[in-house]
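Undergrad: next come a sequence and a model predicted from it.
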Amino acid sequence: MISSPEAAKVVLVSRAHLFKPTYPPSKEKMIGPEALFFHQGDYHSRLKKLVQASFLPSAIRESVADIEKFVLKFLPSWGNTSTINTLQEMKRYAFDVAMLSVFGRHSDLETEGIKQLYHCLEKGYNSMPFNLPGTPFSKAMKARKLLNETLRRVIEKRRESKKQSEGLLGVLLEGSKDQNKLMNQLSDSQVADNIIGVIFAAHDTTASVLTWVLKYLHDHGELLDAVTREQESIQQSIMEENRGGLTWDDTKKMRLTSRVIQETLRAASVLSFTFREAVEDVELQGYLIPKGWKVLPLFRSIHHCAEFFPHPEKFDPSRFEVPPRPNTYMPFGNGVHSCPGSELAKLEMLVLLHHLTTSYRHVWETVEDDDGIQYGPFPVPKRGFPISITKRVLKRTI
Ligand code: HEM
């Protein structure tokens with residue numbers, strides 16, 4: 001287990017080729033063995049380029065309006081006053097944004113079926129891998145098989161269509177065609193495994209972080225007030241300039257809200273560590289790591305070390321007014337396998353927080369007075385942080 005930034009950098013960046021990512025075989029089967037995060041070398045870097053291209057700021061800045069449309073449909077579904085299960089609601093939102101980023105804004109006839117099947121699949125993600133009829137694992141594997149068939153139909157239709165296809169799916173189909181001069185086109189199963197892989201990577205992570213953002217804002221009323229003021233001033237300028245809605249540039253003005261997100265990523269460290277495996281005997285800072293041994297860079301320990309983050313248990317977004325020391329802040333990992341979706345995750349959180357703080361009453365009431373944590377497997381506030389919320393003002397529509 002590695003809790004020094006220098007050693008974590010060696011494993012994740014400078015000698016990353018000596019440490020391959022490892023996951024339980026059952027997880028590989030469920031997500032799809034050709035998804036990029038199970039691989040090293042040429043196949044990984046080729047796919048990573050395509051996935052990254054799809055989530056670069058220049059690629060996602062146009063999706064602000066689409067994400068905002070989701071938020072403006074999603075929040076009214078809570079009604080004027082209601083009790084919500086924060087985690088479940090954030091999962092609903094993060095899933096819709098993930099589907100948008102993967103398939104583009106024109107949803108296919110198959111989209112609803114994909115949603116249903118994905119929900120069956122995810123119920124088996126953390127189950128015991130017993131492939132016996134009726135077990136969550138066996139149900140998940142059945143759903144995975146049906147998902148494959150559905151995705152193949154979508155891929156076939158998109159390959160036949162003359163129109164340029166949107167979202168990550170478009171990039172995987174078009175991008176691999178462009179690279180075709182040098183390399184083979186991606187197969188249908190490679191495309192399908194990476195579509196499922198990205199939905200998996202984007203969904204629970206973002207929903208868990210958003211749940212923590214709401215919990216921390218609830219616990220720090222003065223911060224919630226300050227974030228609300230920042231969002232109100234952005235709302236004010238949108239109205240004064242007679243604009244339709246939020247833009248990418250507006251999100252860049254959300255400085256305090258961004259620092260709250262940064263601090264949440266540090267304090268909650270939802271991806272507390274990652275797994276690697278030594279591909280040969282490696283000597284690391286005087287220790288021998290035998291081939292086949294697991295190596296775990298512990299992000300949470302580094303994020304909670306008082307040497308890098310003074311008073312680490314204090315929730316203090318102002319610590320990010322100065323950049324953290326290199327290699328001490330890794331909520332999105334580091335090196336070749338670092339997260340390609342970090343900008344999208346931050347963007348969807350900012351857009352949601354804009355409307356949440358300007359639409360709902362200042363102090364969200366907690367339904368239960370309980371500060372516990374549960375693991376599913378990401379750490380989240382106990383019982384998914386049920387809260388009761390009350391609408392503040394009538395919202396404009398776009
Ligand atoms: C706040 C939300 C998120 C957090 C905290 C997060 C965190 C991470 C971390 C720590 C890694 C590196 C894992 C490792 O080194 O083993 C990672 C990888 C990855 N993430 Fe994220 N992620 C988030 C959201 C997203 C989103 C929205 C997407 C997609 C749009 C995404 C797609 C991926 C992919 C595809 C990988 C694998 C990259 C590779 O193996 O090269 N993530 N994420």
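TA: Received the coordinates, thanks.
Undergrad: confirm residue 288 sits in a strand?
TA: Yes: assessed with DSSP: H, G, I helix; E, B strand; the rest coil, residue 288 lies in a strand.
Undergrad: quick check, it in contact with residue 278.
TA: No: Residue 288 is not in contact with residue 278 according to CB atoms under 8 Å; the separation is 9.6 Å. Backbone N, C-alpha and C define where each C-beta goes, glycine included.
Undergrad: avg pLDDT for the longest helix along the chain?
TA: Longest helix in the chain, counting residues (DSSP state H): helix 188-219. Across helix 188-219, the average pLDDT comes to 96.
Undergrad: pull out the buried residues from it.
TA: 188, 190-218 (16 or more other CB atoms under 10 Å).
Undergrad: any bit of that helix sitting next to the ligand?
TA: Yes: interface with the ligand: helix 188-219 contributes 198, 201-202, 205-206, 209 (CB under 6 Å from any ligand atom).
Undergrad: redo those as CSV? Include distance to residue 267.
TA: As requested, those are arranged in CSV below (distance: CB to CB, whole Å):
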residue, distance to residue 267
198, 26
201, 21
202, 21
205, 15
206, 16
209, 10
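Undergrad: and the stretch 101-250 of the chain, which residues reach the ligand?
TA: Selection of the stretch 101-250 of the chain residues close to the ligand by CB under 6 Å from any ligand atom yields 101, 198, 201-202, 205-206, 209.
Undergrad: rerun that using 8 Å as the cut-off
TA: Listed as neighbours of the ligand in the stretch 101-250 of the chain under the rule CB under 8 Å from any ligand atom: 101-102, 168, 194, 197-198, 201-203, 205-206, 208-209.
Undergrad: what's the residue of the stretch 201-350 of the chain found nearest the ligand in contact with, if anything?
TA: Per CB to the nearest ligand atom, residue 341 is where the stretch 201-350 of the chain lies closest to the ligand, at 2.1 Å. Contacts here follow CB atoms under 8 Å, 6 or more residues apart in numbering; on that basis residue 341 touches 55, 101, 198, 201-202.
Undergrad: again, only this time at 6 Å
TA: Taking CB atoms under 6 Å, 6 or more residues apart in numbering, we find residue 341 in contact with 55, 202.
Undergrad: cool, and the one 3 residues further on?
TA: The contact partners of residue 344, taken as CB under 6 Å, 6+ apart, are 55, 60.
Undergrad: cutoff 8 Å now
TA: With contact taken as CB under 8 Å, 6+ apart, residue 344 is in contact with 55, 60, 97, 101, 202.
Undergrad: residue 130 touches residue 138, doesn't it?
TA: Yes: with contact defined as CB under 8 Å, residue 130 counts as touching residue 138 (7.4 Å).
Undergrad: neighbour count for those two, which is higher?
TA: Legend: neighbour count by other CB atoms under 10 Å for residue 130 and residue 138, higher for residue 138 (16 against 11).
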